[in-house]
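Asks: Okay, structure incoming, though there's no sequence with it:
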Ligand SMILES: Nc1ncnc2c1ncn2[C@@H]1O[C@H](COP(=O)(O)OP(=O)(O)O)[C@@H](O)[C@H]1O
Ligand SMILES: [Mg+2]
């Protein structure tokens, strides 16, 4: 840099990107990245964050605008081009070859005719080890990637970017896949990188971590840059307001806490995963009427199997499932729904919705042959459409055209539809899985409020979510699932992330560290 430490390392000027179909994902965005800073890119789902960084990284061609790097206009034709200019990006989905070792992944795609000569391997491993030590990113260069935890794989991705000489590091929602402790460690690593003069773009929709780690925060909304603020002079409420364009209220309302009879009971339930490997190893749990139990945990610890066991989609190998006081261990899904189970599946596009059927028809699935949607054996189309318009409006499904196919909905809107359907059946037991995954922040609040409304109506609710803040906001009791077992239980109001995090990572709760 020509002697100006305050000057921008990267300047984005008037970046505009429209996707086929008409979405204006980036609308004339001006943004600077300075040397040695952490710039947070904050925005709801669909705000245009990944698109903007895709443009910077050479993955997407902008329709208009300019990128300057160290004052010089650049035009990256591919990520390879961007990497050559000192950029590195860690994507939401890692791009590592799982059956290769860490070191092998580092040299992948690089011209190295001598590889895999032994001295070359040693040199690579030594360089990795050096970088790892310097930046606090412990990994074993000889470990196979598929043996590493998600957090470790992410470190490999970061190291890989540094190994290739990245001065500018872009991380797209890096904490989404991490436990709270792993996220803390990552934030510390990023601070270290910035202190060492690297520049970091940190994409997130989580206000707290953005405030903790960033020097400056850029807020995107509907493809537009709505503000760029120093992190030190803003607050979570202000950022939340900028993100969604209105006031965000905390969702956990004062609740009565009345507990009725147990409506959903699991007794020593064992089940296997799709490969036949034990996935649930003796799970006991009990959800009472008016009670909301949250099941926290990192993805892949049996959540999916537990969900399916409760819904009736996966056989129980040992133990019992009781629904509304009756043994439902072997009951099929349809019977459980008839017995009052409301089910919001985690995999909504795969399982919950008929993609080719309209929103209206999807909203009356399972009830279509019955009153009030059917009279004298004929469908009452007007009643079905009225019902659909009411739910679509109440849950804010967009676009609201009730006769368009459900397959066109974005993930978040599909989720609103699934939740609307499940809640409109007045379930006495509600199984809600990942209810707000992929849903924009403004809608999260509304969905949470609707779930809590069922609670006030006396439903017994089991919430399975990998989003710890969601579990903490909603649940009266929090159970942590780890490797198919309940690793611990905490009262929802008293639980802290510091307490739950180690349980989620398979450790016993430690006394909270001094800050
Ligand atoms: N490849 C694509 N084709 C069409 N539309 C896209 C594509 N990628 C993103 N979009 C749309 O562009 C908008 C911005 O998306 P994105 O940049 O992924 O948002 P964010 O990363 O902030 O969640 C969204 O409306 C999204 O649906
Ligand atoms: Mg994104």
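Replies: Nice, thanks for sending it over. As the structure is a computational prediction, the values presented were derived from the model and not from experiment. Ligands and ions are numbered 1, 2, ... in the order given.
Asks: isn't residue 424 right next to residue 391, touching?
Replies: Yes: counting by C-beta atoms under 8 Å, residue 391 is a contact partner of residue 424 at 5.8 Å. For the C-beta atoms, the positions are set from N, CA and C on the backbone; glycine is no exception.
Asks: Now do the shared contacts for these two.
Replies: Counting by C-beta atoms under 8 Å, 6 or more residues apart in numbering, the common neighbours of residue 424 and residue 391 are residue 363.
Asks: Settle it for me: which of these two has more neighbours?
Replies: The neighbour comparison of residue 424 against residue 391 (other C-beta atoms under 10 Å) goes to residue 391, with 22 against 18.
Asks: Might you report the residue contacts of the residue in the stretch 301-450 of the chain that ligand 1 sits nearest to?
Replies: Relative to ligand 1, the nearest point of the stretch 301-450 of the chain is residue 410 (6.1 Å; C-beta to the nearest ligand atom). Residues in contact with residue 410 (C-beta under 8 Å, 6+ apart) are 46, 438.
Asks: hmm, which helix or strand of this protein has the shakiest average pLDDT?
Replies: strand 374-375 (a mean of 72; mean pLDDT, DSSP states H and E).
Asks: quick one: average pLDDT of the very next helix or strand once past that strand?
Replies: Heading C-terminal from strand 374-375, the first helix or strand you meet, by DSSP states H and E, is strand 378-379. Mean pLDDT, computed over strand 378-379, is 74.
Asks: just stretch 52-67 next, same as before
Replies: Rounded mean pLDDT across stretch 52-67 is 96.
Asks: cool, stretch 71-91 as well?
Replies: If you average the pLDDT over stretch 71-91, you get 94.
Asks: same for the least confident helix or strand of the chain, what does it pack against?
Replies: Packing contacts for strand 374-375, counted by 3 or more C-beta pairs under 8 Å, 6 or more residues apart in numbering; DSSP states H and E, involve no helix or strand.
Asks: May I have the strands that pair with that strand, each with its orientation?
Replies: According to DSSP bridges, strand 374-375 forms sheet pairs with strand 378-379 (antiparallel).
Asks: quick check: domain ranges of this protein?
Replies: Domain ranges of the chain: 1-86+167-245, 97-164, 258-340+428-515, 351-426, per automatic domain parsing.
Asks: does ligand 1 sit close to stretch 8-21?
Replies: Yes: counting by C-beta under 6 Å from any ligand atom, ligand 1 is contacted by stretch 8-21 at 19, 21.
Asks: Now tell me what touches that stretch from outside.
Replies: Stretch 8-21 is contacted from outside by 1, 24-35, 48, 51-52, 55-56, 60, 62-71, 167-168, 199, using C-beta under 8 Å, 6+ apart.
Asks: now that stretch, how far from the chain's geometric center?
Replies: Taking the mean of its C-alpha atoms, stretch 8-21 sits 25 Å from the chain's own mean (C-alpha atoms, centre = their mean, to the nearest Å).
Asks: How about stretch 79-98?
Replies: That offset, for stretch 79-98, works out to 21 Å (C-alpha atoms, centre = their mean).
Asks: Not counting that stretch itself, show me its contacts.
Replies: 50, 53, 56-59, 69, 74, 76, 104-105, 108, 144-146, 153-154, 156-158, 160-162, 164-174, 176-177.
Asks: Can you tell me what sits against stretch 396-403?
Replies: Residues contacting stretch 396-403 (C-beta under 8 Å, 6+ apart): 358-360, 363, 385, 388-389, 391-393, 408-409, 413, 416-417, 420, 443, 446.
Asks: Restricted to helices, list those residues.
Replies: 359-360, 363, 385, 388-389, 391-393, 413, 416-417, 420, 443, 446 (DSSP state H).
Asks: The helix or strand containing residue 10: partners in the sheet, and parallel or antiparallel?
Replies: Per DSSP H and E, residue 10 falls inside strand 8-18. As defined by DSSP bridges, the strand partners of strand 8-18 come to strand 24-34 (antiparallel), strand 64-69 (antiparallel).
Asks: List the strands paired with the next helix or strand after the last one, with their directions.
Replies: Helices and strands here follow DSSP H and E; after strand 64-69, the next one along the chain is strand 72-74. According to DSSP bridges, the neighbouring strands of strand 72-74, each with its direction, are strand 64-69 (antiparallel).
Asks: buried residues in the partner strand?
Replies: Judged by neighbour count (16 or more other C-beta atoms under 10 Å), strand 64-69 contains these buried residues: 65, 67, 69.
Asks: Give me the below-cutoff pLDDT ranges for the stretch 51-200 of the chain.
Replies: Within the stretch 51-200 of the chain, the segments meeting pLDDT under 70 span 109-119.
Asks: Up against ligand 1, what does it have?
Replies: Neighbours of ligand 1 within the stretch 51-200 of the chain, by C-beta under 6 Å from any ligand atom: residue 51.
Asks: Going by proximity to ligand 1, name the top residue of the stretch 51-200 of the chain.
Replies: residue 51 (3.2 Å).
Asks: Surely that residue is in a strand?
Replies: No: going by DSSP: H, G, I helix; E, B strand; the rest coil, the assignment for residue 51 is helix, not a strand.
Asks: Spatially, what comes nearest to it if we skip its sequence neighbours?
Replies: residue 25 (4.1 Å; C-beta to C-beta, 6 or more residues apart in numbering).
Asks: pretty sure the one you found contacts residue 54?
Replies: No: look at residue 25 against residue 54 with C-beta under 8 Å: they stay out of range, at 9.1 Å.
Asks: Select only the buried ones of the ones in helices among the contacts of stretch 396-403 in PyMOL?
Replies: In PyMOL syntax, the buried subset of the ones in helices among the contacts of stretch 396-403 is picked out as below (16+ other C-beta under 10 Å):
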select buried, resi 359+360+363+385+388+391+392+413+416+417+420+443+446
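Asks: Which member of the ones in helices among the contacts of stretch 396-403 is positioned nearest residue 340?
Replies: Nearest to residue 340 among those is residue 420, at 17.7 Å by C-beta to C-beta.
Asks: what sits against that closest one?
Replies: 363, 391, 392, 394, 395, 397, 450.
Asks: And it, what's its pLDDT?
Replies: 91.
Asks: just to revisit the earlier point, which members of the contacts of stretch 79-98 are classed as buried?
Replies: 50, 53, 56-59, 69, 74, 76, 104-105, 145, 153-154, 156-158, 160-162, 166-174, 177.
Asks: check contacts around residue 168.
Replies: With C-beta under 8 Å, 6+ apart, residue 168 has these contacts: 9, 10, 33, 86, 87, 88, 198, 199, 200, 201.
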